[in-house]
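Student: sequence and predicted model, in that order:
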Amino acid sequence: MKKRIPEEIVNEIISRNDIVEVISEYLPLQPGGANHRALCPFHNEKTPSFMVSREKQIYKCFGCGAAGNVAGFIMEKENLDFVEALKKLAERVHMQIPEDDMSQEAKEMLQEQHTLMDLHREAASFYFQNLKKPGSPGAAYLAKRGWSIHTIKGFGLGYAPDQWDALTRHLVKKGHPENQLIKAGLAIKREKSGVYDRFRNRVMFPIFDIRGNVVAFGGRILSSDDTPKYLNSPETPTFNKRHLLYGLNIARTQLINKTLILVEGYTDVISLHEQGFKNSAATLGTSLTPDHAKLVEKMAEKVILCFDGDDAGIRAAQRSIQIFRQTQLEVRILTLPKGTDPDQYIQDEGKEAFQNLLEKTPTAVDYQISLIRRKHSLATVEGKLHFARETADILKQIKSLVEREAYAGRIAEEIGVSKASFMQELQQNGRGFVQKQPYQSSKRRKEFMPVIEAMIPLEVDPLLKSEQQFLKWMLDHSDELDRLTDKVSDEYFHDPAHKIIFSIILENAKEIEENQKKVDLFAGFEKELANIEKTEEHNLPNDEIIYRFTHFVRKYRLQQQLKHLEKQLQHIEELVDMNPKEKEDEMLKMGMEIRRINIELQQLSLQKGVKTNG
C-alpha cells in the first residue's frame, strides 16, 4: 500500500509545475486569448477543442470532456496513479518526495523557502512604495529612462532608500528576525552586533522565478562614487543565478514564433519590453550556462543572441554559441554597432530599426564565418589558407550533413577551390572544437594528402599542449596577467575553445585570484578546463613563460607554412601541362616567399629569450 504524501508537499509540487509548460512538452499548444489550445491528446479530432488555462492551472477538452489539473493530465497521459504522477512532476522540478511521512527537517526546509519568498515579496513592496514617494531619486532616474508606468509596475521596479537600515527596520517591525534577513540576502551582519541593508540608494530590479515569485534583487547605484554599479543578491535556498533568466517569467508567455531574444542586462530587457519586444530575457550578471540553455530549450525553438557591440560582446556571443550547440535550438546573432548595447540602440534608433536588425540576423555559423573573414585577406594565398582552416573547424561542428555540405560549397566557391576538395578537408583534417573520438597524436593519424591548393593542416598536438600549458599558467598566476598587455592575444591560440578560455581568464582575473568558484566562468568548457588543469606547468620565471609561448607559436606557424610552400613548389615543378612562363613566375613567387620565411625563422632562432630578475 502506497503511503500518503503530505498535503503541503502535494501543493508544492503542483504549484511548481506550470500546466502550460508541462502540457507543452507533450503536444504543441497555440495561444488563443486567455487560454492555450490544441488537438486533444485523448481522442481523435480535426478541430482543436482541448483548452489549457495558465491562470486557473487546469485543462479541459470540450470534445471528450477530459479535464483536470497538471497532476490529472500526467495520470491520464502516462497511465499513472496519483502518487506516481506526483513523483514524475517532482522529478521535473528537482524535488524529492519522502518515502515516509514528511520529516521535521523536510518541513523546516519547505517552510524556510516559503519564508524567504515572503520576505522578498514584502521587500519588493517596500521598495516600490519608496519609489512612489515625492522626490524619490529612483523615480527621477526612471523618468530619465523614459519607461512607462505600466512597464515599471510590470517589472516591479523600486527604490532602496539612502539609509543604512530602512528595509531592516521595516521588516523587523513586521516580525521578521534579523537572521532571516541575512539568510534571504537582504541584510548583512555587522562586525559587532546588528545588521544593515545590503541595498542602499539603488534602483531595485526584483528577480522573479519562472512562476513569478520574487526570489532575489538586482540594484543599480545612483551615486557616481559608489561601486559596484550593479549589485545582485547572493545565492540563497530560493535563488541560483545559473538557473534563472531575468524577465523570463514574462517572456515565456510572449514568445513570437517560439523565439526568445537573449540580452545581457536588466535595462536591455526592460527597454526591449517597453518597445514591444516582450519575448526578451537576460542572464543575471553571469555568463550563459548550460542550465540556462536547457531552460530556454524547454519553451522556445529559436534564440537570438543580442549582446553589446564591443569585443567583450563578441566573445560572449561566441561562447554562448558553443553552449547552445548542445541543444536543438536554432541560434541566430543580432549584431549591434560597436559601442552600443540593446538598451541604448533601441532608445536612440527606435523600434523599427531594431526590428530590421532582427529580420536580418545571421545564423550562428554565418556569424562565426563573418568574424573569421574579417581577420584574413582572401586576396592572398596565406589569407585563404587561414580562412579555410578556421571555417573548416566551424563547419565540423554542424550536426546536419546537408547543412554542412551547403556551407562547404559556399566557402569553396569563395576561396576558389572545388567543393569536393573542401569536403575532403573537412573529413580528413581532424581538428574540431567538439571531438567525439579520443584525440590521436599526429603520428597515429593518416597522412594528409593535400588536395586543396594553398591548404595543408597544422599538426596541432604540439600547439594544443603549448596552449594548455600557457592557460594553466594563467589560471595559477591570475595576479600576473597584466604582464600580457600587448604581448599575447587570442590570435595566438589555434583551438577555438582555448581562444574563449583565454578571454574568460583575462576578463575574470580578480575572481580567479580570489579563489572563487570557476564553474560559472567556464560553464560549457568543463572538459577543456579539466585537461588544462591537469597539464604539467613549467617552473620558469613568468616573463620567460610568456616569451616561450609566443616564440613557439610564431616559429611553429612559420615552419608549417614553409613545409606547405615547399610541397607546392615541388608539385608545380612536376607539372608538365602548365604554361612555362606562368610556371616560372609562380615558382619565383614561391621561392621569394620561402626565402622570407627562412629569414624570419633564422631571426627567431637567434633570439635567446628574455632577461628576468627571477
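Tutor: Nice, thanks for sending it over.

Student: show me what the helix or strand containing Thr391 is packed against.
Tutor: Under the criterion of DSSP states H and E, Thr391 resides in helix 381-395. In this structure, helix 381-395 packs against helix 364-375, helix 401-415, helix 419-428, helix 542-574, with contacts taken as 3 or more C-beta pairs under 8 Å, 6 or more residues apart in numbering; DSSP states H and E. C-beta here means a position set from N, CA and C on the backbone, and glycine is covered the same way.

Student: okay, buried residues for the next helix or strand along the chain from the third one please.
Tutor: Put plainly, it is helix 419-428. For helix 419-428, the succeeding helix or strand toward the C-terminus, using DSSP H and E, is helix 460-476. Residues of helix 460-476 classed as buried: 460, 463-464, 466-475 (neighbour count, 16 or more other C-beta atoms under 10 Å).

Student: need the contact partners of helix 460-476.
Tutor: Applying C-beta atoms under 8 Å, 6 or more residues apart in numbering, the external contacts of helix 460-476 come out as 431, 441-442, 481, 488, 493-495, 498, 501-502, 505-506, 512, 531-533, 535-538, 542, 545, 549, 552-553, 556.

Student: what angle sits between that helix and helix 542-574?
Tutor: 160 degrees (axes from the mean of the first three to the mean of the last three C-alpha atoms, to 10 degrees).

Student: next one: helix 460-476 to chain centre, how far?
Tutor: How far helix 460-476 lies from its chain's middle: 24 Å, per C-alpha atoms, centre = their mean, to the nearest Å.

Student: what residues sit buried inside the helix holding Thr391?
Tutor: Buried residues in helix 381-395, counted by 16+ other C-beta under 10 Å: 381, 383-395.

Student: also stretch 397-405?
Tutor: 397-398, 404.

Student: look up how far Lys298 lies from Gln561.
Tutor: From Gln561 across to Lys298, the span is 48 Å (C-beta to C-beta, to the nearest Å).

Student: looking at these two, which has the bigger crowd around it?
Tutor: Gln561 (22 against 13; other C-beta atoms under 10 Å).

Student: contacting residues for that one?
Tutor: 382, 385, 597.

Student: can you pull the pLDDT of it?
Tutor: Gln561 is assigned 79 on the pLDDT scale.

Student: same question, Arg169
Tutor: Note on Arg169: pLDDT of 96.

Student: let's number from 3 now, not from 1
Tutor: All set: I'll call the first residue 3, so the last point we hit is now Arg171.

Student: pull out the buried positions in the helix or strand containing it.
Tutor: Element membership for Arg171 (DSSP H and E) is helix 168-175. The neighbour-count check on helix 168-175 (16+ other C-beta under 10 Å) flags 168-170, 172-174 as buried.

Student: could you single out the nearest of those to Ile413?
Tutor: For those, the residue nearest Ile413 by C-beta to C-beta is Leu169; the value is 57.8 Å.

Student: number of nearby residues for the residue lying closest to that closest one once chain neighbours are set aside?
Tutor: Among residues not flanking Leu169 along the chain, Asp199 sits closest, at 4.8 Å (C-beta to C-beta, 6 or more residues apart in numbering). For Asp199, the count of nearby residues is 23 (other C-beta under 10 Å).

Student: distance of Asp199 from Leu188?
Tutor: 7 Å.

Student: who touches both of these two?
Tutor: With contacts taken as C-beta under 8 Å, 6+ apart, Asp199 and Leu188 have 169-170 as neighbours in common.

Student: run the chain-centre distance for the helix holding Arg171.
Tutor: Distance, centroid of helix 168-175 to centroid of chain: 37 Å (C-alpha atoms, centre = their mean).

Student: which strands or helices does that helix pack on?
Tutor: Against helix 168-175 (3+ C-beta pairs under 8 Å, 6+ apart) you get helix 106-133, helix 180-185, strand 197-199.

Student: contacts for that helix?
Tutor: By C-beta under 8 Å, 6+ apart, helix 168-175 touches 121, 124-125, 128-129, 132, 162-163, 180, 183, 188-189, 197-199, 201-202.

Student: just for the stretch 303-452 of the chain, where's the confidence low?
Tutor: Scanning the stretch 303-452 of the chain for pLDDT under 70 picks out 426-452.

Student: which SS state does Arg39 fall under?
Tutor: strand (DSSP: H, G, I helix; E, B strand; the rest coil).

Student: need the per-residue pLDDT for it.
Tutor: pLDDT, Arg39: 92.

Student: can you check Ser225 too?
Tutor: Value for Ser225, per-residue pLDDT: 84.

Student: could you do Pro459 as well?
Tutor: Predicted confidence (pLDDT) for Pro459: 43.

Student: for Asp310, state which of the buried residues of helix 462-478 is nearest.
Tutor: Among these, and counting by C-beta to C-beta, the member closest to Asp310 is Met476, at 24.1 Å.

Student: that closest one and Glu416, how far apart?
Tutor: 35 Å.

Student: before we move on, what about Gly214?
Tutor: Gly214 is 49 Å from Glu416, by C-beta to C-beta.
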